[in-house]
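[1] I would like to see how this sequence folds:
(one chain, ligands or ions: 1)
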Amino acid sequence: MASPNLHEFETRGDLARALAQAVSEHLAAAIKASGGAVLAVSGGSTPGLFFETLSSADIDWSKVTVTLVDERLVPDTSPRSNAALVKSKLLVNRASAATFLPLYKSGDLASDTASARHRFKALGRSIDVAILGMGNDGHTASFFPDADELEALLDPAGAQTVSGVHAVSAGESRLTLTLPPLLDAGFIALHIEGAEKMTTLERALAPGAHLPIRRVMDAARQPVEIYWAP
Ligand SMILES: O=C(O)[C@H](O)[C@@H](O)[C@H](O)[C@H](O)COP(=O)(O)O
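    Next up, the predicted model:
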């Protein structure tokens with residue numbers, strides 16, 4: 001395991017500014033090097049302020065494709081939709097010029113999975129920046145500990161880039177990037193906030209732990225950058 005780096009901040013605003021700065025620098029570097037960049041973000045209740053801060057970053061957003069690390073199998077009219085969160089908080093201001101690649105399409109899991117795989121392949125490039133969240137059960141992306149597909153999702157040599165997920169703890173069915181495309185990212189950040197998430201992280205980092213977030217960190221080819229604020 002490339003030991004993760006922990007960045008602690010006094011406030012969630014300080015974290016949002018620092019993470020937005022790091023992400024925009026990596027995106028700008030990818031654009032300079034290859035003419036484009038792919039940013040994959042997680043949803044949930046944590047990233048809103050970070051998204052709003054990043055949306056004003058002075059980079060060439062017209063060269064950036066934003067996609068999701070995972071998605072609930074709900075339309076973007078649902079309050080549960082990660083696409084809706086990204087559209088409302090990130091794809092605004094300067095970032096409104098970015099291209100968005102959603103995972104949900106029709107609500108048919110098999111069809112949406114196949115469609116997302118096709119669109120992800122059509123990008124013709126790997127993810128440059130991946131922003132992960134974490135649940136208090138140690139899941140990240142939709143790698144839920146009780147997911148039927150967990151071993152396939154976490155297979156570093158897995159052939160699929162996107163997978164459907166069935167997990168009782170997840171609520172609705174999910175669509176998620178699998179581990180390999182996440183590991184291809186040049187910059188992987190784990191964005192967590194609050195005391196409970198820090199306790200979960202400490203549990204995940206303990207010797208011999210096998211929570212999904214730990215398995216991602218163990219497989220990472222470069223240190224996962226952990227951003228935490230109380
Ligand atoms: O669709 C999702 O829920 C996310 O992608 C998921 O992986 C999230 O990052 C964690 O569940 C943490 O969620 P909170 O930020 O709400 O704690």
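[2] looks to me like Arg17 is in a helix.
    Yes: counting by DSSP: H, G, I helix; E, B strand; the rest coil, one finds Arg17 located in a helix.
[3] what sits against the closest residue to it other than its chain neighbours?
    In this structure, Arg17 finds its nearest non-sequential neighbour in Thr53, 5.8 Å apart by Cβ to Cβ, 6 or more residues apart in numbering. For the C-beta atoms, the positions are set from N, CA and C on the backbone; glycine is no exception. Residues counted as contacts of Thr53 (Cβ atoms under 8 Å, 6 or more residues apart in numbering) are Ala16, Arg17, Leu19, Ala20.
[4] and the last one, how far from Asp58?
    Look at Ala20 and Asp58: by Cβ to Cβ, to the nearest Å, they are 11 Å apart.
[5] distance of the residue nearest to Arg17 from Ala22?
    Using Cβ to Cβ, we find Thr53 at a distance of 11 Å from Ala22.
[6] thinking again about what came up before, between Ala20 and Asp58, which one's more packed in?
    A count of neighbours by other Cβ atoms under 10 Å puts Ala20 above the other of Ala20 and Asp58, at 19 against 8.
[7] list the contacts of that one.
    Phe50, Thr53, Leu54, Ala57.
[8] one more time with 10 Å
    Leu49, Phe50, Phe51, Glu52, Thr53, Leu54, Ser55, Ser56, Ala57 (Cβ atoms under 10 Å, 6 or more residues apart in numbering).
[9] inside helices: which ones of those?
    Leu49, Phe50, Phe51, Glu52, Thr53, Leu54 (DSSP state H).
[10] nearest spatial neighbour of the second one, chain-adjacent residues omitted?
    Using Cβ to Cβ, 6+ apart and skipping the chain neighbours, the partner closest in space to Phe50 is Ala16 (4.4 Å).
[11] contacts only, for that neighbour.
    Taking Cβ under 10 Å, 6+ apart, we find Ala16 in contact with 9, 47-54, 191, 193, 227, 229.
[12] got TSV for those residues, with pLDDT too?
    Shown next, in TSV, are the contacts of Ala16 (pLDDT from 0 to 100):
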residue	pLDDT
Phe9	98
Pro47	98
Gly48	98
Leu49	98
Phe50	98
Phe51	99
Glu52	98
Thr53	98
Leu54	99
His191	98
Glu193	98
Tyr227	98
Ala229	98
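[13] just among these, which is most surrounded?
    Neighbours here mean other Cβ under 10 Å. Within these, the largest count is held by Leu54, at 29 neighbours.
[14] is the ligand contacted by the longest strand along the chain?
    Ordering each strand of the chain by length in residues (DSSP state E) puts strand 187-193 first. No: legend: contact between strand 187-193 and the ligand by Cβ under 6 Å from any ligand atom is lacking; minimum distance shown is 7.8 Å.
[15] now do stretch 37-53
    Yes: using Cβ under 6 Å from any ligand atom, stretch 37-53 reaches the ligand at Ser42, Gly43, Gly44, Ser45, Thr46.
[16] which residues are in contact with the nearest residue to the third one once chain neighbours are set aside?
    This points to Gly44. Closest residue to Gly44 apart from its sequence neighbours, by Cβ to Cβ, 6+ apart: Gly133 at 5.0 Å. Shown in contact with Gly133 (Cβ under 10 Å, 6+ apart): 41-47, 69-70, 139-141, 189-193, 197, 213.
[17] show me where this structure has helices.
    Listed in chain order, the helices of the chain (DSSP H) span 12-34, 48-54, 82-89, 109-123, 150-153, 179-183, 195-205, 212-219.
[18] with that, I have no additional questions.
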